[in-house]
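Asker: need a structure here:
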Amino acid sequence: MKTVLVASSKGGVGKTTLATNLAAHAAVHGKNAVLIDADPQHSGMRWAERRAHFDHAVLPVDGTRKQWTKRIPEDTQRVVVDTPAGSHRDLLDEFLETADAVVVPIGPSALDIEATVHFLNDLAGHPQIKKGKVPVGVVANRLRPWTNASQQAVEVMQGWSIPVVGQLRDSQGYVMMAGLGRSLFDYNSAQIREHQADWAPLLQWLNRAR
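Answerer: Below you'll find the predicted structure:
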């Protein structure tokens with residue numbers, strides 16, 4: 001079983017979108033997938049509940065409740081944890097103990113980048129990460145690659161010691177699919193395949209983790 005932690009100290013960076021699509025990708029590829037929704041808003045759980053009637057369902061588990069780990073079935077192969085918005089390292093301790101990798105989404109705005117720098121520095125001090133047991137990767141999210149702002153944001157992130165493991169374009173399609181309990185990986189049109197290609201580096205990085 002591999003556990004992926006999706007975390008950010010900044011709201012509005014697409015954390016739940018990232019978590020639900022990662023969980024769906026695992027399910028679509030035949031893995032028993034669980035989404036731990038530790039955000040009190042429970043957007044991820046509602047997504048999973050809408051998805052329950054389709055092929056490649058993802059089991060939702062309420063991560064805000066005590067002993068949430070006991071609700072994960074023994075045959076689970078992939079766990080994705082959607083952490084609360086505004087998380088800091090202390091709030092993530094219980095999740096970091098079971099994580100195999102941490103993915104940190106960052107929006108292209110200066111405010112997103114500044115807020116995340118402090119979060120990453122704090123995260124780097126955690127024993128599991130400091131010892132190199134849990135790799136951390138940054139995902140530049142909601143990009144508009146044709147704009148100078150997005151290009152400059154990616155350049156800034158690529159100058160950090162933590163690797164940029166994904167660059168995902170902004171799309172209203174994610175909002176539409178979330179409302180249906182769907183993901184990017186449930187479709188196969190030419191336009192969707194272009195967006196799926198954006199995810200390839202992140203998925204390859206996660207496959208190498210641990």
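Asker: for this protein, what's the longest strand?
Answerer: The strand that spans the most residues within the chain, counting by DSSP state E, is strand 136-143.
Asker: May I ask which helix or strand of this structure has the lowest mean pLDDT?
Answerer: Across the helices and strands of the chain, mean confidence by mean pLDDT, DSSP states H and E is lowest for helix 89-96: a mean of 79.
Asker: Which neighbouring elements make contact with it?
Answerer: Counting contacts by 3 or more CB pairs under 8 Å, 6 or more residues apart in numbering; DSSP states H and E, helix 89-96 packs against strand 2-6, helix 110-123. Where you see a C-beta, it was placed from the backbone N, CA and C, and this is true even at glycine.
Asker: Dump it to PDB, restricted to CA.
Answerer: Extracted C-alpha coordinates of helix 89-96, given in PDB (Å, rounded to 0.1, in the frame of the first residue of the first chain):
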ATOM      1  CA  ARG A  89       3.500  20.800  10.100                       C
ATOM      2  CA  ASP A  90       2.200  20.000  13.600                       C
ATOM      3  CA  LEU A  91      -1.300  19.300  12.100                       C
ATOM      4  CA  LEU A  92       0.300  17.000   9.500                       C
ATOM      5  CA  ASP A  93       2.300  14.900  12.000                       C
ATOM      6  CA  GLU A  94      -0.100  12.000  12.200                       C
ATOM      7  CA  PHE A  95      -0.400  11.800   8.400                       C
ATOM      8  CA  LEU A  96       3.300  12.100   7.800                       C
END
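Asker: quick one, that helix and helix 110-123 angle?
Answerer: Between helix 89-96 and helix 110-123, the angle comes out at 70 degrees (axes from the mean of the first three to the mean of the last three CA atoms, to 10 degrees).
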